[in-house]
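Trainee: Fold the stuff below for me.
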Amino acid sequence: MISEVELVYFSGCPNVEDARTSLRSAFAELGRDPMWQEWNVDEDEAPDRVRGFASPAVLVGGTHVLGEQPLASHAAACNASGAPPVSVIAEAIASHS
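Mentor: Alright, predicted model coming up:
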């Protein structure tokens, strides 16, 4: 089962805290309690379907909020633009609800 909202990252990602802040802000903007599943792709528990996304990635309904696709190599990569914008995350959550 896919959680509605997921945060995908790798250990040591310099932007993961910004992504968490953006998620909290997006949920607040929507008047909802912040709830999401986190996947550290360095851990065995992370499902294959989330591996390969540049870190940090925010998925809503299993789809990246910016439309990005995972890398075929599943190599850990840092998202050069940082965390997705709050407005994009909020729109994706609202559209999925």
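Trainee: contacts and neighbour counts: CA atoms only from here.
Mentor: OK.
Trainee: need the helices for the chain, in chain order.
Mentor: Counting by DSSP state H, one finds helices in the chain at the ranges 16-29, 86-96.
Trainee: Now do stretch 51-68: distance from first to last residue.
Mentor: Taking Cα to Cα, to the nearest Å, the first and last residues of stretch 51-68 lie 13 Å apart.
Trainee: what comes up buried for that stretch?
Mentor: Within stretch 51-68, the residues that count as buried by 16 or more other Cα atoms under 10 Å are 51-61, 63-65.
Trainee: how far away is Leu71 from His64?
Mentor: 13 Å.
Trainee: ok, now Asp18?
Mentor: 17 Å.
Trainee: Then Val88?
Mentor: From Val88 to His64 the distance is 10 Å (Cα to Cα).
Trainee: and what of Glu45?
Mentor: Glu45 is 20 Å from His64, by Cα to Cα.
Trainee: which residues of the protein fall in strands?
Mentor: 5-9, 37-40, 57-60, 63-64 (DSSP state E).
Trainee: To Cys78, which of the ones you listed lies closest?
Mentor: Taking Cα to Cα, strand 5-9 is the member of the strands of the chain nearest to Cys78, at 8.7 Å.
Trainee: May I have the strands that pair with the closest one, each with its orientation?
Mentor: Strand 5-9 pairs in its sheet with strand 37-40 (parallel), strand 57-60 (antiparallel), by DSSP bridges.
Trainee: what's the angle from it to helix 16-29?
Mentor: 170 degrees (axes from the mean of the first three to the mean of the last three Cα atoms, to 10 degrees).
Trainee: Thanks a lot, catch you later.
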